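Visitor: Next input, structure requested:
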Amino acid sequence: MKLVYAIVNSDDAYAVNKALSGAGIRATKLASTGGFLSKGNTTFMICCSNEQVDNVIEVCKQYSKKRIQAVPASAVLERGFTDAEPVEVTIGGATIFVTDIERFEQV
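Guide: Below you'll find the predicted structure:
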């Protein structure tokens, strides 16, 4: 058994959730916030068999889109640096962690 943590942009959470559900994969959704831009994310916790891990990752990859967003320069540069020009950064996609599960129960 594996526990997959998939952190996706909240804009993609509905599509990822729908695709996981359509594939028969149950997930628990948690609201989370990214540390870089402090934007909303959704963290999916998915307990699955070893054989399902690649399918879970593929679903997340397919429905978690990367995008370019303009942010104030002060959000990405050193503190105290002020620049009027916004900076473009890539956001979105998915960050996925896979861990072993010693025991899993639904009661």
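
Visitor: Show me where this structure has its helices.
Guide: For the chain, helices defined by DSSP state H occupy the ranges 10-22, 53-63.

Visitor: can you pull out the strands in this structure?
Guide: 2-9, 28-33, 40-48, 66-71, 87-92, 94-100 (DSSP state E).

Visitor: Which strands or helices does the worst-scoring helix or strand of the chain on mean pLDDT pack on?
Guide: The weakest-scoring helix or strand in the chain, judged by mean pLDDT, DSSP states H and E, is strand 87-92 (a mean of 75). For strand 87-92, the elements it packs on are strand 2-9, strand 66-71, judged by 3 or more C-beta pairs under 8 Å, 6 or more residues apart in numbering; DSSP states H and E. Bear in mind the C-beta positions are built from the backbone N, C-alpha and C, glycine included.

Visitor: can I get the ones you listed in TSV with mean neighbour count?
Guide: Shown next, in TSV, are the helices and strands packed on strand 87-92 (neighbours: other C-beta atoms under 10 Å):
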stretch	mean neighbour count
strand 2-9	19
strand 66-71	12
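
Visitor: wait, which of these is closest to Thr43?
Guide: When the helices and strands packed on strand 87-92 are compared by C-beta to C-beta, strand 2-9 sits nearest Thr43, at 5.0 Å.

Visitor: Relative to the closest one, what are the paired strands and their orientations?
Guide: According to DSSP bridges, strand 2-9 forms sheet pairs with strand 40-48 (antiparallel), strand 94-100 (antiparallel).

Visitor: Quick check: which ranges of the chain have low pLDDT?
Guide: Scanning the chain for pLDDT under 70 picks out the ranges 35-38, 73-84.

Visitor: rerun that using 80 as the cut-off
Guide: 34-39, 69-92 (pLDDT under 80).
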